[in-house]
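[1] Need coordinates for the below:
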Amino acid sequence: MTRDQSSAAKIWETAYGELQLQLPREAFDTWLRNAHLIAHEDGTYIIGVQNIYAREWLEHRLKKVIARTLSQIAGRGVEVSFVVWTGAPEETDLREAGPLLAEIAPAATEKPEFEKLSPGQTGLNPRYTFDEYAVGNSNRMAHAAALAALDTPGGQFNPLYLHAAIGLGKTHLLHAIGHEAAAAGHRVLLVTGRRFTNDLVAAIYSRKTGGYREKHRSLDLLLIDDIEFIAGKDSTQEEFYNTFNVLYEHGAQVIVAAGQPPAAIRKLDERLRSRFDGGLVVEMTLPDYETRLEILRLKARQRGFDGRIPPEVLEVIAEETAESIRELDGALNRMIASALINREAPTIRTAETAINQTRASAQTLGLEDVIFAVAAYYEIEPEGLTGRGRSRDVSSARQVAMYMAYKHTNTSLQQIGEALGGRNHSTVLYSCERIDDLMQTDSQVRRDVQAIMESLRPQGISQGSEH
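    The predicted structure is shown next:
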């Protein structure tokens, strides 16, 4: 054990004692009694706990307290990460575990097992296709490069590196490319940088690295979104570099997307930077008015409002929302949700109200956001949530929407009930309590709620004040 690791162990031991004094006895015994230091690397303390319930409780309720205590003892700012670890503390080899465990993403599961896709699975979202993709001056080159890569996979545009700010359509384009390639009979996989990292960690844990490498290296097209996530993670970058080389040598196409050009990503392995720069790097910029208007038409059609929104209303939204595609989406969603909730047709006035609300709530979560996020996740129409339907699937999704709206927006029980099917406040409260209980006992419900929250966060929306 190195001097740094020995010091970290002593700091954790001291902090553990301090936390025992700070926290109520019941809380400490329930969540921290069996916690122990697994690894330490560059100011990050990896704490092992016995089950996923303890990990999630500590992550969401006590992480700040633990990090603050460790920081005070260490005399420097530190980060804390919790993982499920069933081995005894004395079985942990900090020298081997440290570099690997430090790469675990926050969404690691209780029993790590890498996601091995069955035949036909690609990781692609069925809604993101070229048919639903608006092309304009802002993304014309990226679109053309994507088509060229599809025409001659593994050719001159390999790798193809797409970069753009959040909300400008690079993820949609990645999925659309994947769908076209899959339709042509190619073996395709799309993963995020986070998923690539988590799967690697899980594969090493379970000693299934052979299967992991077969999954990623026996492809015709590998697409990776948010590639910057792997920067600074030595084991992951090494794995991706080797995977890229195998695919490249076999004529497979690699396409990645990021928020920045390769030169701007801190801690990116120089070999990867060189590989990316050696392909084609394309930037996607803010869409112009005509492109924004076409995007709105496509999205209105997706939401079943094709022909139900007057052209001048869409023109107002296109004219006044130019920051990102997600700002367009947010304003359109709010306007449609308002029309559904109030049983009225969209107008210029409701469009302007939706635009103002979208801007004012850039850092908060609104009822309309929850309605559309829940509907999209469960693949039901928003009208199903706002209507009075009582099918099991719709009722369960509506209860989740009520729970999330109450927990994460500033909307009253009465307002939530009126918007979601005309229910009274006691029905909403019952739904909230039921989902709250299921969050503690049903891992699927817990994963559903977490996934819906994740779908909202990229839009620049953060969690609002809890009631």
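[2] Grab the nearest non-local neighbour of residue 58.
    Counting by CB to CB, 6 or more residues apart in numbering, residue 58 lies nearest to residue 82, which is 5.0 Å off, once chain neighbours are set aside. Where C-beta positions appear, they are placed from N, C-alpha and C, glycine not excepted.
[3] and that neighbour, bridged to which residues?
    Counting by DSSP bridges, residue 82 is bridged to residue 47.
[4] What backbone torsions are found at residue 162?
    Main-chain torsions, residue 162, degrees, to the nearest 10: phi -110, psi 130.
[5] The nearest residue to it once chain neighbours are set aside: what secondary structure?
    Closest residue to residue 162 apart from its sequence neighbours, by CB to CB, 6+ apart: residue 257 at 4.6 Å. The local conformation at residue 257, judged by DSSP: H, G, I helix; E, B strand; the rest coil, is strand.
[6] For residue 257, the count of nearby residues, please.
    Burial measure for residue 257: 26 neighbouring residues, criterion other CB atoms under 10 Å.
[7] what residues are up against it?
    Contacts of residue 257 were listed using CB atoms under 8 Å, 6 or more residues apart in numbering, and they are 161-164, 170-171, 173-174, 223-227.
[8] Per-residue pLDDT of the residue nearest to residue 58, please?
    In this model, residue 82 is scored at 83, pLDDT.
[9] just residue 219 next, same as before
    pLDDT for residue 219: 92.
[10] Next one: the closest residue to it other than its chain neighbours relative to residue 163, how far apart?
    Closest residue in space to residue 219, ignoring its immediate chain neighbours: residue 187 at 4.9 Å, by CB to CB, 6+ apart. According to CB to CB, to the nearest Å, residue 187 stands 26 Å off from residue 163.
[11] ok, these two, which is more surrounded?
    For residue 187 and residue 163, the more surrounded residue by other CB under 10 Å is residue 163, and the numbers stand at 23 against 14.
[12] Tell me who's in contact with the residue lying closest to that one once chain neighbours are set aside.
    Distances taken as CB to CB, 6+ apart put residue 258 closest to residue 163, at 4.9 Å, once the chain neighbours are dropped. Residues counted as contacts of residue 258 (CB under 8 Å, 6+ apart) are 161-163, 226-228, 265.
[13] List the contacts of residue 380.
    Applying CB under 8 Å, 6+ apart, the residues near residue 380 are 393-394, 397.
[14] 10 Å instead, please
    Listed by CB atoms under 10 Å, 6 or more residues apart in numbering, the contact partners of residue 380 are 374, 389, 391, 393-394, 397-398.
[15] Switch these over to TSV; also include neighbour count, pLDDT and secondary structure.
    Shown next, in TSV, are the contacts of residue 380 (neighbours: other CB atoms under 10 Å; pLDDT from 0 to 100; DSSP: H, G, I helix; E, B strand; the rest coil):
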residue	neighbour count	pLDDT	secondary structure
374	28	89	helix
389	15	81	coil
391	10	84	coil
393	12	81	helix
394	20	88	helix
397	22	91	helix
398	28	93	helix
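[16] Quickly check these for the two that are furthest apart.
    Across the contacts of residue 380, no pair lies farther apart than 374 and 391, at 14.9 Å, counting by CB to CB.
[17] circling back to that earlier point, quick check, nearest of the contacts of residue 257 to residue 369?
    Nearest to residue 369, judged by CB to CB, of the contacts of residue 257 is residue 171 at 18.3 Å.
[18] what's the least confident helix or strand in this protein, going by average pLDDT?
    Every helix and strand of the chain was ranked by mean pLDDT, DSSP states H and E. The lowest is helix 94-101, at a mean of 44.
[19] Give me the buried positions along the following helix or strand past it.
    Sequence-wise, the next helix or strand downstream of helix 94-101 (DSSP states H and E) is helix 140-151. Judged by neighbour count (16 or more other CB atoms under 10 Å), helix 140-151 contains these buried residues: 142-143, 145-146, 149-150.
[20] Mind exporting the C-alpha coordinates of helix 140-151 to CSV?
    Output in CSV follows, covering the C-alpha atoms of helix 140-151 (Å, rounded to 0.1, in the frame of the first residue of the first chain):
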residue,chain,number,x,y,z
ARG,A,140,-25.7,20.4,-43.3
MET,A,141,-22.0,19.5,-43.3
ALA,A,142,-22.5,17.0,-40.4
HIS,A,143,-25.5,15.5,-42.2
ALA,A,144,-23.6,15.1,-45.4
ALA,A,145,-20.6,13.6,-43.6
ALA,A,146,-22.9,11.1,-41.9
LEU,A,147,-24.3,10.0,-45.3
ALA,A,148,-20.8,9.7,-46.7
ALA,A,149,-19.8,7.6,-43.8
LEU,A,150,-22.8,5.4,-44.4
ASP,A,151,-22.0,5.1,-48.1
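[21] packing partners for that helix?
    Contact analysis of helix 140-151 by 3 or more CB pairs under 10 Å, 6 or more residues apart in numbering; DSSP states H and E lists strand 160-163, helix 170-183, strand 253-258, strand 280-283 as its packing neighbours.
[22] Okay, angle between the longest one and strand 253-258 too, please.
    Direction vectors for helix 170-183 and strand 253-258, defined by axes from the mean of the first three to the mean of the last three CA atoms, to 10 degrees, enclose an angle of 160 degrees.
[23] in helix 170-183, what counts as buried?
    170-182.
[24] could I get those residues as a markdown table with pLDDT and distance to residue 442?
    Below are the buried residues of helix 170-183 laid out as a markdown table (pLDDT from 0 to 100; distance: CB to CB, whole Å):
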| residue | pLDDT | distance to residue 442 |
| --- | --- | --- |
| 170 | 91 | 35 |
| 171 | 90 | 29 |
| 172 | 91 | 32 |
| 173 | 94 | 36 |
| 174 | 95 | 32 |
| 175 | 94 | 30 |
| 176 | 94 | 35 |
| 177 | 95 | 36 |
| 178 | 94 | 32 |
| 179 | 93 | 33 |
| 180 | 93 | 38 |
| 181 | 93 | 37 |
| 182 | 91 | 33 |
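[25] closest to residue 49 among those?
    Of all the buried residues of helix 170-183, residue 49 sits closest to residue 171, with 32.8 Å by CB to CB.
[26] quick one, what contacts the closest residue to that closest one other than its chain neighbours?
    Distance criterion CB to CB, 6+ apart; nearest residue to residue 171, sequence neighbours excluded, is residue 225 at 5.5 Å. Counting by CB under 10 Å, 6+ apart, residue 225 touches 123, 162, 170-171, 174-175, 190-196, 255-258.
[27] a markdown table please, covering the helices and strands packed on helix 140-151 and showing distance to residue 319.
    A markdown table is the format used below for the helices and strands packed on helix 140-151 (distance: least, CB to CB, whole Å):
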| stretch | distance to residue 319 |
| --- | --- |
| strand 160-163 | 27 |
| helix 170-183 | 22 |
| strand 253-258 | 28 |
| strand 280-283 | 24 |
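[28] Sounds good, over and out.
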